[in-house]
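A.B. asks: any chance you could fold what I've pasted below:
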Amino acid sequence: EYGWEDLELGTRLHAKGLTLSVLHRSIALHRHRYTASDILNRQRIVGSAKYLVNTNITRRIVHGLYGALGARALTRYFMKKWGDTANFPRLFAIVTAGEFWYGVHNANKLLKSEDK
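C.D. replies: Numbering: from 1, shown residues only. Predicted structure coming up:
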C-alpha cells in the first residue's frame with residue numbers, strides 16, 4: 001500500500017535543516033501501465049493509507065453525498081465499461097478523487113479486508 005514516503009522523507013529532511021528547491025526546467029517521467037479499474041483500485045488504497053492526515057467535515061459531507069446519491073456507483077460503472085477507451089479527463093479526475101476519498105473515509109474497513 002502507498003506509504004506517503006515522499007512526505008515522510010521531506011519531514012525528516014526539514015527536521016535536519018535541509019531545504020528542497022524547485023527545478024522549473026527539469027523533466028521527469030513516472031510511467032505506469034494501469035487500466036481504468038487499476039487506477040480506481042489504486043486510489044482507494046492510497047486513500048486508505050491516508051488515515052494519518054486529518055480530513056475536514058466538508059470533505060466528509062461531499063464524499064457521503066457522492067456515495068449516498070449513487071454517483072460513486074454510476075461513475076464506477078462508467079469507468080469499468082468505457083474507462084479504457086473513453087477520453088473524459090474531467091470525469092476521470094472526479095472519479096479518481098472520489099475513489100481516493102472513499103479510501104480515506106473507509107480506511108479501517110479497506111485495510112482489514114486486505115489483511116485477510
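
A.B. asks: tell me where this protein has helices.
C.D. replies: With helices called from DSSP state H, the chain shows them at 5-15, 36-48, 57-68, 71-82, 89-105, 107-115.

A.B. asks: least confident of those, on average?
C.D. replies: When those are compared by mean pLDDT, helix 107-115 comes last with a mean of 71.

A.B. asks: returning to what we had before: of all the helices of the chain, which lies closest to residue 29?
C.D. replies: For the helices of the chain, proximity to residue 29 was assessed by Cβ to Cβ; helix 5-15 is nearest, at 16.4 Å. C-beta coordinates here come from the backbone N, C-alpha and C atoms, glycine included.

A.B. asks: and that closest one, what's buried?
C.D. replies: By 16 or more other Cβ atoms under 10 Å, helix 5-15 has no buried positions at all.

A.B. asks: how far away is residue 58 from residue 10?
C.D. replies: 26 Å (Cβ to Cβ, to the nearest Å).

A.B. asks: ditto for residue 26
C.D. replies: Per Cβ to Cβ, residue 26 is found 17 Å from residue 10.

A.B. asks: measure residue 78 to residue 86 for me?
C.D. replies: Taken as Cβ to Cβ, the span from residue 78 to residue 86 is 8 Å.

A.B. asks: now residue 71
C.D. replies: Applying Cβ to Cβ, the value for residue 71 to residue 86 is 17 Å.

A.B. asks: repeat for residue 70
C.D. replies: The gap separating residue 70 from residue 86 is 20 Å, by Cβ to Cβ.

A.B. asks: check residue 30 too.
C.D. replies: Going from residue 30 to residue 86 by Cβ to Cβ gives 24 Å.

A.B. asks: any idea of the pLDDT on the residue in the chain sticking out farthest from the centre?
C.D. replies: What lies farthest from the middle of the chain is residue 17; by Cα atoms, centre = their mean that is 29.9 Å. Per-residue pLDDT puts residue 17 at 92.
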